[in-house]
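[1] Structure here, sequence nowhere to be found:
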């Protein structure tokens, strides 16, 4: 391999969601090592991992125990598929996840990632309704600006037109309703409960408009990622659950980001007090030490698939991989032994308060989120909440902010899927010292960004 990793990366490594042209005459940032809540590049410079990789490395970098678990499992059984066969680690992990899950979500269908888990949930919903004699129920409802993955079905559920346009036509039958961004609320912006009820009622209106006999499922993240960490208003999920029950529509809790401690609970639906029909999850299950995802399914939904010759005609070669399953179990052991969920619950208010210090900056419009998952929305007029236009977004967000944050030692996300936001989701081992360090970098960079508007 070439000694110049950056040149080789540009020549051969097609990076994901990346403007490759931006690296034609600039070095490709190359991360070579991680330790705790920090990462290091190929020049030895240290950065705060303010995004836990990609909302993934929940237990932190450098966990030798997880690497050793993978090594041991690969020696014993490196691979075997779950196509009509089981292996011990997949069985054990399925039991463990079912034990954490609320209600009767006792069946676990493994995938290799979150998008596949979402794809699984929609396919399962379609086939379930065919098996129970309601074959016209196939449509899905999700929220504006929400991101649910890149496979064709998951991308159809995604509510970001710009991400979908290059790949259209997509899977038909995916419809959108308003999200829970109360900072931009078109109505009831000063009454969270009324706003939450209004948002939930838009789901019912969409079900009624499409026809309840055509709608299979509603896909919702507990805290919506894209757009900048929209938490649910009080009573929102309870109202959605009532609506879904009334119209025989399945509620899918897309917890690819929010599960496994990101909000301080194993499954985020527990944080907000609702029981879905399915949970999709991935990322933090192994803290990224090996890829895995899952769709957890209620006994009620699974029941017709366990009768006669019915078969869920769906699967993935690497779903429930023995090494990944073993690493997931060891990762969950760390969660329990070190009390990572409780640590998030104990310190989330401190993290939020630290970030809210930034409200004194003219560019900071809103700070929102839950657990260790926050978004800072940037504006050019705090009084009117006026956002940036396309040129300003390109110049300030992409032309300055993303690179400046990284150059100042903070890896995080500066994003304009929706309105311009900076997102933060550090490893769950983060403490007040790290919160302060993050705030100091943000303060310096956002202060400079304001001069470039």
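    Ah, there it is. Because the structure is predicted, anything quoted here is derived from the model rather than measured. Numbers count the residues shown, from 1 in each chain.
[2] only C-alpha atoms for contact and neighbour calcs from this point on.
    OK.
[3] Need the phi and psi values for residue 220.
    Note on residue 220: its backbone torsions stand at phi -140, psi 140 [degrees, to the nearest 10].
[4] From residue 383, how far off is it?
    Plainly put, residue 220 is 31 Å away from residue 383 if you go by C-alpha to C-alpha, to the nearest Å.
[5] Neighbour count: these two, which is higher?
    residue 220 (24 against 9; other C-alpha atoms under 10 Å).
[6] Report the beta-bridge partners for the more buried one.
    Beta-bridge partners for residue 220, by DSSP bridges, are residue 253.
[7] which residues does it contact?
    By C-alpha atoms under 8 Å, 6 or more residues apart in numbering, the residues touching residue 220 are 142-143, 251-254.
[8] and if you look at residue 314?
    Neighbour list for residue 314: residue 120 [criterion: C-alpha under 8 Å, 6+ apart].
[9] sorry, back to before: top of the contacts of residue 220 by neighbour count?
    Neighbour counts for the contacts of residue 220 (other C-alpha under 10 Å) peak at residue 254, which has 31 neighbours.
[10] Show the low-confidence segments of the stretch 51-200 of the chain, by residue range.
    Judged by pLDDT under 70, the stretch 51-200 of the chain has no weakly predicted residues.
[11] Please enumerate the helices of it.
    Taking DSSP state H, counting those that start in this stretch as the criterion, the stretch 51-200 of the chain carries its helices at 52-55, 64-76, 88-100, 114-131, 152-157, 161-164, 192-210.
[12] and those helices, which is most packed in?
    Using mean count of other C-alpha atoms under 10 Å, the stretch among these with the greatest mean number of neighbours is helix 152-157 (a mean of 25).
[13] what packs against it?
    With contacts defined as 3 or more C-alpha pairs under 8 Å, 6 or more residues apart in numbering; DSSP states H and E, the secondary structure elements packing on helix 152-157 are helix 114-131, strand 139-143, strand 174-177.
[14] among those, which is nearest residue 352?
    Closest to residue 352 of the helices and strands packed on helix 152-157 is strand 139-143 (C-alpha to C-alpha; 25.0 Å).
[15] Next one: the residue nearest to residue 227 when sequence neighbours are not counted relative to residue 10, how far apart?
    If you skip the residues right next to it in sequence, residue 227 has residue 418 as its closest partner in space, 4.6 Å away by C-alpha to C-alpha, 6 or more residues apart in numbering. The gap separating residue 418 from residue 10 is 29 Å, by C-alpha to C-alpha.
[16] next one: residue 369
    Relative to residue 10, residue 369 is positioned 35 Å away (C-alpha to C-alpha).
[17] neighbour-wise, which of these two wins?
    Neighbours were tallied for residue 369 and for residue 10 using other C-alpha under 10 Å; the higher tally belongs to residue 369 (23 against 19).
[18] Going by secondary structure, the more buried one is in what exactly?
    Secondary structure from DSSP states H and E places residue 369 in strand 364-370.
[19] for the residue sitting furthest away from the middle of the chain, helix, strand, or coil?
    When distances are taken from the C-alpha mean of the chain, residue 308 lies farthest, 36.4 Å away, according to C-alpha atoms, centre = their mean. Classification of residue 308 into helix, strand or coil gives coil, according to DSSP: H, G, I helix; E, B strand; the rest coil.
[20] got it, and residue 22?
    The three-state label for residue 22, taken from three-state DSSP, comes out as helix.
[21] what's the spacing between the closest residue to residue 256 other than its chain neighbours and residue 101?
    Across the structure, with C-alpha to C-alpha, 6+ apart as the measure, the residue nearest residue 256 apart from its sequence neighbours is residue 281 (4.0 Å). Residue 281 sits 11 Å away from residue 101, going by C-alpha to C-alpha.
[22] Look at those two and report which has more neighbours.
    More neighbours sit around residue 281 than around the other of residue 281 and residue 101, counting by other C-alpha under 10 Å; the figures are 29 against 24.
[23] mind listing what the more buried one touches?
    When contacts are counted by C-alpha under 8 Å, 6+ apart, residue 281 is found next to 113-114, 117, 254-257, 259, 293-295.
[24] Using a markdown table, lay out the residues you listed together with distance to residue 304.
    Written out in a markdown table, the entries for the contacts of residue 281 read as follows (distance: C-alpha to C-alpha, whole Å):
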| residue | distance to residue 304 |
| --- | --- |
| 113 | 26 |
| 114 | 25 |
| 117 | 20 |
| 254 | 23 |
| 255 | 25 |
| 256 | 26 |
| 257 | 30 |
| 259 | 27 |
| 293 | 23 |
| 294 | 20 |
| 295 | 17 |
